[in-house]
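**Student:** Test case, fold it:
(2 chains)
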Amino acid sequence: MVQRAGQKRKVVEVPVPAPEQIDEELGYGAVDGALDDEGDSEEDLSDDGSDEELEIDGEDDSEAELDSDEIPSSEDDEDIRQQMRELKTSNGDNDIASQELTRSDIARKVSAASARMPLSALEDDADDVPNYTVMTDANGDPRYVYGEIDAAYDSDDSDAPAGANTIGDIPLSYYDAYPHIGYDINGRRIQRPAKGEALDSLLDSIDIPKGWTGLTDPATGKPLKLSREDLEVLKKLTRHETPGDGYDPYPDMVEYFTGKGMEEVMPISAAPEPKRRFIPSMHEHKRVMKIVKAIKEGRIKPYRAPTEEDREREEAEADFASYDVWANEQPRADHVMNVPAPKLPPPGYEESYHPPPEYLPDKHEQQEWEEQDEEDRTRDFMPRDHTALRKVPGYEQFIKEKFERCLDLYLAPRVRRSKLNIDPESLLPKLPDPAELKPFPTTCATVCRGHEGRVRSIAVDPSGWYIASGGDDGTVRVWDFKTGRQLWRIKLSASEPVNVVSWRPGQDARVLTACCGETVYFIVPQSDGFYTPEAEAASREVLDSGFGYAASNGSKTVAGQDKPSSSSWARPSAALQERGVLLTLTLRSTPKTLSWHRRGDYLSTVSPTTAATSTAIAIHTLSKHQTQHPFKRLKGLAQTACFHPSKPLFFVATRQRVRMYDLQQQKMEKELMPGARWISDISLHPLGSNLLIASYDKRLLWHDLDLGTTPYKTLRYHSKAIRAVEFHPSLPLFADASDDGSLQIFHGKVVGDSLENATVVPLKVLRGHRVVRELGVLDVKWHPREAWAVSAGADGSIRVWM
Amino acid sequence: MATAQVPGDRLAQVRIHLKTRSPDIELPQDTGPILVSTELKRYQLSTLVNRLLDTEKPIPLEFLVNGQFLRTSIDEFLTQNGISAETTLSVEYVKALIPPLYVASYEHDDWVSSVDVLSASSKAGQWAGARYDSSAQRILSGSYDGLLRVWNMSSEVVATGQGHTASVKAAKVLSPTQVVSSGFDRTLRLWKYEDSEAAGAASLTPTLELYGHKASIDNIAVHAPSSRILSASSDHTVGIWSSKKAEGPAAPENLLPTANKRRKLSNTKTLPQRGPLNILEGHQSQVSDVCFDGRDATVAYSSSWDHSVKTWDLTTGACVDTRTTAQSLFSICHLPEASLLATGTSARHITLIDPRASATTVSAMTLRGHTNAVVSLATDPASSYQLVSGSHDGTCKIWDIRSVRNDAGTERVGDSVYTIERDSAKGKPKAVGGEGVKVFGVAWDREVGVVSGGEDKRVQINKSSPP
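**Tutor:** From the prediction side, this is the model:
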């Protein structure tokens, strides 16, 4: 019957009380048993009530009761029924009914009968029938007796175990102090299984029941029993084996998406796009128009007009909208990503609205504060005195500060950079202070003007009294060094510029050489007081001696070899001779640079032409009026050449290389590769071990001849091509001249000891020359003894820098 | 200072101790410290001292406190220099130098290299003494066109001296009747001057040619009582010459102009030619300037481009002492009262050198302010503490060596009192490198004032007009 009921309706299962339970709750024992019976009768009732649904409340009451006649009843069934009807009709006042019942002499029977009443039947009949019965307790007060809860009644889980412990996840140890171990679904205590005494456990250990494991089921506290099969499964699981025979560890793959007949059909079709895709949807249009119409008529309001209240709230929200990132700041461990809230100093007296007078600024301080740049101010406010707090005006910097705060947050770096604690100054090489390297030229002392057009070349006389210059106007001029007065001038050519001027080295005789066109002029300027009589005589002697040699020996060597001379030494015209031009040397091509040997007998000219590379470099002997071309074939276009100050070495600069030749052994000693694209000028240090190379690609290269073929230092300070470079003959200085109109003065100290490197310190940039047609300063020379430089500019001026 | 700042106390006072180095304006008796108000300025102090001196005519005075001229009130001065008002200030008073105002410019055909003044108070006038009674003042100028000119005070050329074959570099008045000049043509020339007031009426006739230098003679110094002339030449030597024809030895033959050489100016009249009494060798480079010792005419000082100042004993011709500085020296003058030599340098300042053997340091003091080489120096005839310098930067500056401050701890530095700009450069932008405005020569005379000549082809006269 129970099973049948379970099929039809919800299973009505009444927990079978444990035998121990019965002992304890004897008072309920009879009732339980009665209820059991009632349950049965209820089942009957529901069974035959197949037309139950048709039955309407109220009408069937009597019938239902009649149906339950099967229940064994006492003699005064009729009375009870009557009573029950009353009870049922007067649902609300159970108390009264029960009181009435208690008063009646048959109260006892009623209570027994009502206890026997099938509660579920009542429930079936009416939902509002209470699930309890009222009884009288020992004191005579009403006592509610609730019916049994069917644990599985409302649940879909039909497997809910009967008599399960409902204490949930609470460990059983919590109940250690109690005789029970939890509650069942009806709230009744589940008694702790009897723990056997020592003898019992001994007995248990002797004859082990079947399936005994020695474990206790944590859910129930009862001994856990496992069948052989269970053990087998567990054993296999622990060994990582298949749990059972039926288990297939490698089942066949079920092809859900691939395989035959499952091929993906691509949703591409060649069907033309239907027309409806291109026309606006009429239906949609209709709906939109409906809404538009409604809006027009005012039935739909697109937005609700903000009420006064809304506006106020919004404003309030806007006012108090704050995004304090540190509002809920918890103390955190130091970490790079944790930016702690800045600690503000406590406000001082000067921040008070009514500060003590000594904190108030006086007029001077206030003015000073106002004149200061905002960033320089030590504090960003000025203490002000207000007599009362209510007179304090609004903070005028408020918006600005908020804005700046937002800006700070916006611009704040998200990543904290690790800073290197290196003083940038310490990374710079230790250079001496320019002030310690005095003297060096710093200002323009004299400007010599007179040349028309560019001044191409200048030279300072070995005594340091005069400056010779040659320029585009074809003139050679001589200037007084100290005053800048023009002392002498000669026009050598009307059309050709004077490319080079140079003084013959040596104090005894002073000869000025000037290259104009293809001719080299040897000049002894004729001017009163220009020369001491001896010097003039010596100078003439130097120039005339060659004629004597040429007359006596020259014919033999030159004519004997029958060599067409590439150069001709001659006396110029009488007019020129009177002015002081005593000798001319005409070459085949235009010499662009000229340099003297230190003894003043040899001079070299360089004519950078591609036509005749063999005659590009010539070494002339003044005393013999001879010209030699030491290079039959020269690699590259010769630019400039110079003699070594003490050794028989000769330096030739082509466009990209500088070669050092030994004149005695007639072989190349060294080839320097400065890395410049086009060398403009070279200058050899007076000690002869260091060479400066200026290039048109803005670089100045310092070569230590002892070190190697690559530059020891590259100086890149000019913004345009460097035209000239010159070592000071006695002081540790050198200067270069650039097309950017500036000269740069460097300290370049060379130590005789080869262990120590040369120190190069930039000292001074001298500006003053005007840049004319992309040309700035064309030449620079030094005074022979003093730290005074002379420069020739494209603007036609010569400047003396002291 | 503290007392001076207490408001309401208008009568903040400071103790001053007045003193002077000029004996003519010394106080009758030492007054000791005087309590004066800090509100006083130069004028009030000057009145006070004049009252103490009890002069009929007030003498304008300047006041030096700690080497600086008092230009503000004492109070401000104390505040600026951070001096406590409770100390006793040592105040030195000096006769005020009235700012030299521009008087006139005498235009030349070429650059003016050298100027000198002939007046009763000038050195030449003083040496002449009673023999020179003319009250007229003459200005001698040497020009790069090779001419000497004598000007009267109404900007007329009284006489022109023609004889130099190249630029005149130096010209000096030896006596009211004698003028000496030197130049680029390596000669010194003596001229006889006959004075006359009218323009062109006076005459300047050459009397003697002195040969002996091998290069340009850049400067000369004269001493009439001993009739000695000193010359500084580019050939690294100093020449000693006599202005007397009889004293001079014969001119060295090799230095005489050769007969075959064409001369620009063919002198028909041959002049007597003499050689040097002595040629002092020792400098390593060009000698730029030479001067006599202010007290002892047998001692001379020469400055050279080789950075050194040499002291010469003229009687023996020996170099007594050499003081080497760090720069090329372009000019020299002797301040006898202070026993100092002022030298103008290429490094744009004036170095004061103590030539005495006892002096431990080379540079006693540096006067800074010029922006180009200082090429000419002259002392104040009225004061032994003041000097004027002419520089290639186109200015003349007047210095007072009493006005000194300590710069960078050890160096004693002075600033100029007045600056005289070139009148020709007025209104023009400042010339770079002194182009067109360089001053080559400067002279200071009590009567005429500061006379300077330069690249602007003018002789400019500035005079401190009496108040």
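**Student:** what about dumping the CA coordinates of the helix ranked longest in chain B to CSV?
**Tutor:** In chain B, taking DSSP state H as the definition, the longest helix is helix B:42-53. What follows is helix B:42-53, C-alpha atoms only, in CSV (Å, rounded to 0.1, in the frame of the first residue of the first chain):
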residue,chain,number,x,y,z
ARG,B,42,78.8,113.8,-0.2
TYR,B,43,77.8,117.4,-0.5
GLN,B,44,77.0,117.8,3.2
LEU,B,45,80.2,116.1,4.2
SER,B,46,82.1,118.3,1.9
THR,B,47,80.5,121.4,3.5
LEU,B,48,81.3,120.0,6.9
VAL,B,49,85.0,119.4,6.0
ASN,B,50,85.2,122.9,4.4
ARG,B,51,83.9,124.4,7.5
LEU,B,52,86.4,122.5,9.6
LEU,B,53,89.2,123.6,7.2
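**Student:** which residue does the stretch 1-150 of chain A bring closest to chain B?
**Tutor:** A:Y144 (100.5 Å; C-beta to the nearest C-beta). Bear in mind the C-beta positions are built from the backbone N, C-alpha and C, glycine included.
**Student:** Need the residue closest to the centroid of the chain.
**Tutor:** The chain I'm using is chain A. Geometric centre of chain A, nearest residue: A:V415, 7.8 Å, by C-alpha atoms, centre = their mean.
**Student:** wait, I meant chain B there
**Tutor:** Mean-position check on chain B, C-alpha atoms, centre = their mean. Result B:A378 at 0.2 Å.
**Student:** Just confirm B:T322 contacts B:H307, I think it does.
**Tutor:** No - assessed by C-beta atoms under 8 Å, B:T322 is found out of contact with B:H307, at 10.1 Å.
**Student:** circling back to that earlier point, now the longest helix of chain B: buried residues?
**Tutor:** For helix B:42-53, burial by neighbour count (16 or more other C-beta atoms under 10 Å in any protein chain shown) applies to B:42, B:45-46, B:48-50, B:53.
**Student:** C-terminal to that helix, what's the next element?
**Tutor:** The helix or strand immediately downstream of helix B:42-53 is strand B:61-65, counting by DSSP states H and E.
**Student:** list the helices and strands that next one packs on?
**Tutor:** helix B:42-53, strand B:88-95 (3 or more C-beta pairs under 8 Å, 6 or more residues apart in numbering or on different chains; DSSP states H and E).
**Student:** can I get those in a markdown table with mean pLDDT and distance to A:P302?
**Tutor:** Below are those laid out as a markdown table (pLDDT from 0 to 100; distance: least, C-beta to C-beta, whole Å):
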| stretch | mean pLDDT | distance to A:P302 |
| --- | --- | --- |
| helix B:42-53 | 82 | 88 |
| strand B:88-95 | 81 | 90 |
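**Student:** Which residue, other than its chain neighbours, is closest to the residue of the stretch 201-350 of chain B found nearest chain A?
**Tutor:** Ranked by C-beta to the nearest C-beta, the top residue of the stretch 201-350 of chain B for proximity to chain A is B:K214, at 3.7 Å. Among residues not flanking B:K214 along the chain, A:T532 sits closest, at 3.7 Å (C-beta to C-beta, 6 or more residues apart in numbering or on different chains).
**Student:** before we move on, back to that, where does the residue of the stretch 1-150 of chain A closest to chain B sit, in terms of helix or strand?
**Tutor:** Applying DSSP H and E, one finds A:Y144 within strand A:142-146.
**Student:** Given the following helix or strand past that strand, what are its sheet partners and their directions?
**Tutor:** Proceeding N to C from strand A:142-146, the next assigned helix or strand is strand A:180-183, under DSSP H and E. Its sheet considered, strand A:180-183 pairs with strand A:189-191 (antiparallel) by DSSP bridges.
**Student:** The residue of the stretch 1-150 of chain A closest to chain B and A:T133: what is the separation?
**Tutor:** Distance of A:Y144 to A:T133, computed by C-beta to C-beta, to the nearest Å: 7 Å.
**Student:** These two: who's more crowded?
**Tutor:** Comparing A:Y144 with A:T133 by neighbour count (other C-beta atoms under 10 Å in any protein chain shown), the higher total belongs to A:T133, at 21 against 12.
**Student:** how about the CA coordinates for the host helix or strand of the more buried one, as PDB?
**Tutor:** Assigned by DSSP H and E, A:T133 belongs to strand A:132-136. Provided in PDB are the C-alpha atoms of strand A:132-136 (Å, rounded to 0.1, in the frame of the first residue of the first chain):
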ATOM      1  CA  TYR A 132      -1.600  20.500  13.700                       C
ATOM      2  CA  THR A 133      -4.100  19.400  16.200                       C
ATOM      3  CA  VAL A 134      -4.800  21.100  19.500                       C
ATOM      4  CA  MET A 135      -4.400  19.200  22.600                       C
ATOM      5  CA  THR A 136      -4.400  20.000  26.200                       C
END
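**Student:** how many neighbours does residue 334 have?
**Tutor:** Assuming you mean chain A. Other residues close to A:D334 by other C-beta under 10 Å number 6.
**Student:** switch to chain B, that's the one I care about
**Tutor:** Taking other C-beta under 10 Å as the criterion, the count of residues near B:H334 is 23.
**Student:** Please apply the same query to the one 5 residues further on.
**Tutor:** Counted with other C-beta under 10 Å, the neighbours of B:S339 add up to 16.
**Student:** How about it: what's its closest non-neighbour residue?
**Tutor:** The nearest residue in space to B:S339 (C-beta to C-beta, 6+ apart) is B:R356, at 6.0 Å.
**Student:** Kindly indicate whether that neighbour is helix, strand or coil.
**Tutor:** Look at B:R356: counting by DSSP: H, G, I helix; E, B strand; the rest coil, its state is coil.
**Student:** Then the one 3 residues further on?
**Tutor:** Reducing the assignment at B:A359 to three states with three-state DSSP gives coil.
**Student:** Around chain B, pick out the residues from chain A.
**Tutor:** A:438-439, A:443-447, A:449, A:464-465, A:482-485, A:527-529, A:532-535, A:768, A:785-786, A:788, A:799-800, A:802 (C-beta under 8 Å from any C-beta of the partner chain).
**Student:** Filter those down to just the buried residues.
**Tutor:** Taking 16+ other C-beta under 10 Å as the criterion, what is buried in the residues of chain A next to chain B is A:439, A:443-447, A:464-465, A:482-485, A:527-529, A:532, A:535, A:768, A:785-786, A:788, A:799-800, A:802.
**Student:** Now, these that are in strands?
**Tutor:** Judged by DSSP state E, those include A:444-447, A:799-800 as members of strands.
**Student:** on that earlier part again, looking at it, the residue nearest to B:S339 is touching B:L341, isn't it?
**Tutor:** No - contact criterion C-beta under 8 Å: B:R356 and B:L341 do not qualify, at 10.0 Å.
**Student:** of the two, who's got more company?
**Tutor:** Ranked by neighbour count (other C-beta under 10 Å), B:R356 and B:L341 place B:L341 first, with 24 against 10.
**Student:** Can you tell me the closest non-neighbouring residue to that one?
**Tutor:** What sits nearest to B:L341 in space, not counting adjacent residues and going by C-beta to C-beta, 6+ apart, is B:I353, at 4.5 Å.
**Student:** No further queries at this time; thank you.
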